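Peer 1: What follows is a protein structure lacking sequence information:
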């Protein structure tokens, strides 16, 4: 599970207040770092769609903060240095095994072979 | 529609005329695609084939996504006249194929040019057709798989009366000798022959197809094959440009949905750079693969409840080299772990009705739609593939909601363009909900009087009936509009 995907996920357990299920806390037991071709345009376009605070928090929890600033710098589109750091965090860091934890209910969603299992049981939906 | 078309590179020499077969229902997509991708001119669609002219290079031709097989056009004539005299019909067919050797030579040199002169060496001798050797006919099949054969057969019009395969033989030999040989045609009943619509004649005639497979060493002798197609509208002779159908994608390891249909769906979805695209029932990931290959700079996410499907998806994505473009998660389409209005495009093949009992899955349909609609942002699109039965139920769901949303018709200046609501029955006075989905040609939809919770803001834009081979299905496109009272 890459951090770009993680940034889109939220807990949907019943009873969780809207917004309280995001972001899911990552407890990783296995993290992989891949080499991914840098595509400046792609990264620049993804940034507006990403919840920046959650991304920074997630990167930090995996030990891959990579000097990401807590706030988005202005005019980042042309800042290649910055975009490369974002690229690394969004696409090159991958959680292979671990758990995603709902910040509200504490419910844990396992990650196996890079794929998070977000299925809920009958009672939880 | 097609992403990143460059006109300048990829064009070679003078324009060449081709024709391309298409699965039923995909012709409009192919028509659009040859124009957008290849800058094709003189584009015409006749009964299952799209004819066009372009000067594109092979690599660009290979990128056609909505066609089945691509052929160099040799001849296109009016239909062969029926005659009781079988001999006369034979003679006409022979004439169609053999006549004008110059035309053959031209086509072969075009074929060589396209393929970069890799295959054939030496000169082609100009032979008078009469002096050409005649051998007993063998149909050379490039592929030995029966399935591929069926694909070719399936794309042939049902009106075909007689189909033969002749061979264009330009063998690769070590002594660089080129022979231009001609095979004699004969009609023979083989185990694979089958009867078709009968010829309108007083003979006790029956129709059958010559089918003669060739595999192993002898198959490698031949460079290509000839395709002759006769029907009521035309007589066409062509040479396939590629060994395998276009629909066989190199980058797809395990096919799920037919690649041409998957691509066609993605082409409707208005995917643009920076989009977030979700397939909440991704199966083996075919739709996402087709989309990711064409529309770059997009974030794709596939979800499925089945481990084995996800595993298959994962392997497909890996084999295609798209690991960095497509994410996967295990989730249920009726309970998506995504915030509301976070997705730009939802695209999916709804499996119900094909394998599963309709009734049981029908109950889930409103929940599925509701979830899809929830995660979709306003102005976003949903493109779905479903069976006709499923569609009827859809019609009920959607039309009921639109009827309740009176702001729809007044919403002509919404930012994302008013949804094109084609209503063929504007004068329904009996009080039943206007069936928006009646925009589908030839499909009767009746109001579905079941109590369904309104999820209110999905509006039908367009739809296409397509063939999946054994069954028919429909591609539907919806757009999410602002809900009533919410501006």
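Peer 2: In hand now; what should we look at? On a predicted model such as this, the values are computed, not experimentally measured, just so you know.
Peer 1: give me the number of residues near the nearest residue to residue B:458 once chain neighbours are set aside?
Peer 2: Nearest non-adjacent residue to residue B:458, counting by Cβ to Cβ, 6 or more residues apart in numbering or on different chains: residue B:478, 4.4 Å away. C-beta coordinates here come from the backbone N, C-alpha and C atoms, glycine included. The local packing of residue B:478 (other Cβ atoms under 10 Å in any protein chain shown) involves 27 other residues.
Peer 1: And for the one 4 residues further on?
Peer 2: Neighbours of residue B:482 under the rule other Cβ under 10 Å: 18.
Peer 1: Hmm, residue B:377 and it touching each other?
Peer 2: No. Here residue B:482 does not reach residue B:377: they are 10.8 Å apart, not a contact under Cβ atoms under 8 Å.
Peer 1: The residue nearest to residue B:458 contacts residue B:381, doesn't it?
Peer 2: Yes. At 6.8 Å, residue B:478 counts as touching residue B:381 under the criterion of Cβ under 8 Å.
Peer 1: Identify the contacts common to the two.
Peer 2: residue B:461 (Cβ atoms under 8 Å, 6 or more residues apart in numbering or on different chains).
Peer 1: what about stretch B:262-279, how long is it end to end?
Peer 2: The first and last residues of stretch B:262-279 sit 12 Å apart, counting by Cα to Cα, to the nearest Å.
Peer 1: Show me which residues of that stretch are buried.
Peer 2: Across stretch B:262-279, burial judged by 16 or more other Cβ atoms under 10 Å in any protein chain shown covers B:262-271, B:274-279.
Peer 1: Which ones among the residues you listed map onto strands?
Peer 2: B:276-279 (DSSP state E).
Peer 1: For stretch B:246-261, buried residues please.
Peer 2: B:246-249, B:252, B:256-261.
Peer 1: again with stretch B:64-80
Peer 2: In stretch B:64-80, counting by 16+ other Cβ under 10 Å, buried: B:64-76, B:80.
Peer 1: So for that stretch, mean pLDDT?
Peer 2: What stretch B:64-80 shows for mean pLDDT is 88.
Peer 1: Those residues of chain A touching chain B, which are they?
Peer 2: By Cβ under 8 Å from any Cβ of the partner chain, the residues of chain A that approach chain B are A:1-2, A:4-5, A:8-12, A:19, A:22, A:34, A:36-37, A:39, A:41-42, A:45-46, A:48-49, A:91, A:109, A:113-120, A:125.
Peer 1: before we move on, back to that, show me what the residue nearest to residue B:458 is bridged to.
Peer 2: Beta-bridge pairing of residue B:478 under DSSP bridges involves residue B:382, residue B:460.
Peer 1: do you know how far it is from residue B:376?
Peer 2: Residue B:478 is 9 Å from residue B:376, where distance means Cβ to Cβ, to the nearest Å.
Peer 1: and for these two, which residues touch both?
Peer 2: With Cβ under 8 Å, 6+ apart, residue B:478 and residue B:376 have common neighbours residue B:382.
Peer 1: Greatest separation within the buried residues of stretch B:246-261: which pair is it?
Peer 2: B:246 and B:256 (17.6 Å; Cβ to Cβ).
Peer 1: so where's chain A uncertain?
Peer 2: Applying pLDDT under 70 to chain A flags residues A:125.
Peer 1: go with 80
Peer 2: A:122-125 (pLDDT under 80).
Peer 1: so what secondary structure elements neighbour the helix or strand where residue B:311 lies?
Peer 2: Applying DSSP states H and E as the criterion places residue B:311 in helix B:307-319. In terms of contacts (3 or more Cβ pairs under 8 Å, 6 or more residues apart in numbering or on different chains; DSSP states H and E), helix B:307-319 is packed against helix B:286-294, strand B:299-304, strand B:326-330.
Peer 1: Quick check: buried residues in that helix?
Peer 2: Applying 16+ other Cβ under 10 Å to helix B:307-319 flags B:309-310, B:312-314, B:316-317 as buried.
Peer 1: Report the angle between it and helix B:286-294.
Peer 2: 20 degrees (axes from the mean of the first three to the mean of the last three Cα atoms, to 10 degrees).
Peer 1: Let me see the mean pLDDT of helix B:307-319.
Peer 2: 94.
Peer 1: Would you mind checking which of the buried residues of stretch B:64-80 is nearest to chain A?
Peer 2: Top of the list for closeness to chain A, among the buried residues of stretch B:64-80 and by Cβ to the nearest Cβ, is residue B:65 at 21.7 Å.
Peer 1: Now do the same contact list for residue B:303.
Peer 2: The contact partners of residue B:303, by Cβ under 8 Å, 6+ apart, come to A:118, B:278-282, B:328-333, B:336.
Peer 1: again, but for residue B:257
Peer 2: B:283-284, B:286-287, B:349, B:385.
Peer 1: quick revisit: so which of the ones in strands among the buried residues of stretch B:262-279 reach chain A?
Peer 2: Okay, of those touching chain A (Cβ under 8 Å from any Cβ), that's residue B:276.
Peer 1: State the pair within the ones in strands among the buried residues of stretch B:262-279 that is farthest apart.
Peer 2: B:276 and B:279 (11.7 Å).
Peer 1: Since that was my last question, I'll sign off now.
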